[in-house]
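Visitor: okay, predicted coordinates and the sequence, questions at the end:
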Amino acid sequence: MPAQKSVLQLSFHEERIRKKVLATVSRFSGVTSIAIDDKTGKMTVVGEVDVPRIVKKLRKICEADIVTVEVVKPPEKKPDDPKKPEEPVAYPISYMYPYHSYYQPYCICNCGGSVK
């Protein structure tokens, strides 16, 4: 099923119902984006979803009708320009010599004693 853009007409007057509608639609798998226009009462749902199923679920919460359903065309990919491969940059290698600057709490001469 290709991605589609669905516009639904909703009739709700409370913020509580609006939140329920958003939560209900967002639970459907395949929903990519949701937008609600509060002035007109229209909700736009984009994704690979079954629109009649969404409307059936929303009618239990508020009045809902399908206004339009259209297929969303995927954005066209521009052909990549052939780029010449970048040459690796050679950096000089510096070797690190081991240098112990920490305090050793034992004698390093293997005499078994501690450092005095």
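Guide: Nice, thanks for sending it over. Numbering: from 1, shown residues only.
Visitor: look up how far Glu70 lies from the residue sitting nearest the centre point of the chain.
Guide: The residue lying closest to the centre of the chain (CA atoms, centre = their mean) is Thr32, at 9.9 Å. Per CB to CB, to the nearest Å, Thr32 is found 14 Å from Glu70. Backbone N, C-alpha and C define where each C-beta goes, glycine included.
Visitor: what's the answer for Tyr91, then?
Guide: Per CB to CB, Tyr91 is found 55 Å from Glu70.
Visitor: so which of those two has more stuff around it?
Guide: Glu70 (9 against 6; other CB atoms under 10 Å).
Visitor: quick check: closest non-adjacent residue to that one.
Guide: Leaving aside its sequence neighbours, Glu70 sits nearest to Lys5 (CB to CB, 6 or more residues apart in numbering; 5.3 Å).
Visitor: hang on, isn't Val7 packed against Val55?
Guide: No - look at Val7 against Val55 with CB atoms under 8 Å: they stay out of range, at 11.5 Å.
Visitor: apart from its neighbours in sequence, what residue is nearest Thr44?
Guide: According to CB to CB, 6+ apart, the nearest residue to Thr44 is Ala35 (4.5 Å).
Visitor: partner strands of the helix or strand containing that neighbour and their direction?
Guide: Assigned by DSSP states H and E, Ala35 belongs to strand 31-37. Here strand 31-37 is paired, per DSSP bridges, with strand 42-47 (antiparallel).
Visitor: for Ser6, see how far away Ile34 is.
Guide: 10 Å.
Visitor: hmm, I typed the wrong one, I wanted Val49.
Guide: 7 Å.
Visitor: kindly report the same for Lys84.
Guide: 46 Å.
Visitor: and if you look at Phe12?
Guide: Per CB to CB, Phe12 is found 17 Å from Ser6.
Visitor: hmm, who's touching stretch 11-24?
Guide: For stretch 11-24, the surrounding residues in contact (CB atoms under 8 Å, 6 or more residues apart in numbering) are 10, 34, 36, 38, 41, 43, 57-58, 61-64.
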